[in-house]
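Chemist: Let me see the structure of the following:
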Amino acid sequence: MGHSHGHSHSHGHSHGHSHGTGNKKALLTALILITTFMVVEVIGGLATNSLALLSDAGHMLSDAVALGLSYFAIMLGERKATLSKTFGYRRFEIIAASINGITLMLISLYIFFEAFQRFTNPPAVQSTGMLMISVIGLLVNLAAAWVLMKGDKEENLNVRSAFLHVMGDMLGSVGAIVAALLMMFLGWGIADPIASVVVAILIIISGWRVTKDSFNVLMEGTPSHIDVENVKASLQKIPLVKEVHDLHVWSITPEQPMLSCHMAIAGAGNHDEVLQRAQSILHDDFGIEHSTIQVEHEDNGCPSPHGTCN
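Modeler: Below you'll find the predicted structure:
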């Protein structure tokens, strides 16, 4: 019929497995550190009556959930594809990210509400205990950040987002330290709710970004780093290619983009040569390792029942 399908699979399984093992260890270690100190911070926040500590503990709770989901997602993602889940289970991490993002925003709204109450009636806060716990929290976050930096944070969005969460926690700990010092030396009781509001703003920004990115993947949106027009133009520059249509770019996870398209070639064009060139361009220039390309001779027309392609 003049059609041919090309699939490009260039996955480095041994390389990916070693990275996956390193990522799992980094995430699990960071999860244990964050969760342990979160419990300490909740107890300390209640004991010292500090909203800044409790809001930072809330941020740490969201981080613990994020790290736990990221760890579980990598474990689940290692399961093989089945007949009912032909793409495997990698997209669970996107579902986990969307849940985490929504939770982050809900936590920040609660902190805003509590802070508003304290602005109108600032309670007494044990600033010395708050300072000690905040300093320990900063050290724990530094340790967790160092562990995650050893993971594959440049390529794996899961690890990168977990690293950014921990960096946000570090800022929260710094805010609590500054608030404690202001209360100790200047008697500024209002510094506690101000610090909690700063943390809440950080939480809501990161929550919105995570939610927006995860929803884009779930809606089969084009990955933000890929320009579809540029992809189409590059494919149409291949010799004897007359038209590229029905072009779709989406992703299973942010680091696993996928593409499908039809390519119409002139009568003298060779299916296999065009297919090989197209797959090389997609892999080398756009990082797309999995593509499904239907090559058809322009003389045969478009396979659309209406005789038109877009």
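
Chemist: Now do the helices in the stretch 151-300 of the chain.
Modeler: 157-186, 191-218, 228-236, 271-286 (DSSP state H, counting those that start in this stretch).

Chemist: Restricting to C-alpha, output the third one in CSV.
Modeler: Pointing back at helix 228-236 there. C-alpha atoms of helix 228-236 as CSV (Å, rounded to 0.1, in the frame of the first residue of the first chain):
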residue,chain,number,x,y,z
VAL,A,228,6.6,21.3,17.1
GLU,A,229,7.1,23.7,14.3
ASN,A,230,10.8,23.3,14.5
VAL,A,231,10.4,19.5,14.5
LYS,A,232,8.2,19.7,11.4
ALA,A,233,10.6,22.0,9.6
SER,A,234,13.6,19.7,10.4
LEU,A,235,11.8,16.7,9.0
GLN,A,236,10.6,18.5,5.9
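
Chemist: got the angle for it vs helix 271-286?
Modeler: Going by axes from the mean of the first three to the mean of the last three Cα atoms, to 10 degrees, helix 228-236 is angled at 140 degrees with respect to helix 271-286.

Chemist: same for helix 228-236, what does it pack against?
Modeler: Under the contact criterion of 3 or more Cβ pairs under 8 Å, 6 or more residues apart in numbering; DSSP states H and E, helix 228-236 touches strand 241-251, strand 257-265, helix 271-286. (C-beta placed from N, C-alpha, C; glycine too.)

Chemist: got these as JSON lines, with mean neighbour count columns?
Modeler: Formatted as JSON lines, those follow (neighbours: other Cβ atoms under 10 Å):
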{"stretch": "strand 241-251", "mean neighbour count": "17"}
{"stretch": "strand 257-265", "mean neighbour count": "21"}
{"stretch": "helix 271-286", "mean neighbour count": "17"}
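
Chemist: To Leu106, which of the ones you listed lies closest?
Modeler: Within the helices and strands packed on helix 228-236, the stretch nearest Leu106 is strand 241-251; the backing value is 26.6 Å (Cβ to Cβ).

Chemist: Not counting its neighbours along the chain, what's nearest Leu171?
Modeler: Using Cβ to Cβ, 6 or more residues apart in numbering and skipping residues adjacent in sequence, the residue nearest Leu171 is Leu202, 5.9 Å away.

Chemist: Quick check: the gap between the one you found and Gly172.
Modeler: Note on Leu202: its distance to Gly172, by Cβ to Cβ, to the nearest Å, is 7 Å.

Chemist: Met219 too?
Modeler: Applying Cβ to Cβ, the value for Met219 to Gly172 is 31 Å.

Chemist: Comparing the two, which residue is more hemmed in?
Modeler: Higher neighbour count among Met219 and Gly172: Gly172, with 31 against 8, using other Cβ atoms under 10 Å.

Chemist: That one contacts Asp56, doesn't it?
Modeler: Yes: with contact defined as Cβ atoms under 8 Å, Gly172 counts as touching Asp56 (4.1 Å).

Chemist: Give the intersection of the neighbour lists for the two.
Modeler: Common contacts of Gly172 and Asp56, defined by Cβ atoms under 8 Å, 6 or more residues apart in numbering, comprise 137, 199.

Chemist: picking up where we left off before, okay, the helices and strands packed on helix 228-236 in a markdown table with mean pLDDT and distance to Phe112 next?
Modeler: Listed next are these as a markdown table, based on pLDDT from 0 to 100; distance: least, Cβ to Cβ, whole Å:
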| stretch | mean pLDDT | distance to Phe112 |
| --- | --- | --- |
| strand 241-251 | 92 | 33 |
| strand 257-265 | 93 | 37 |
| helix 271-286 | 92 | 41 |
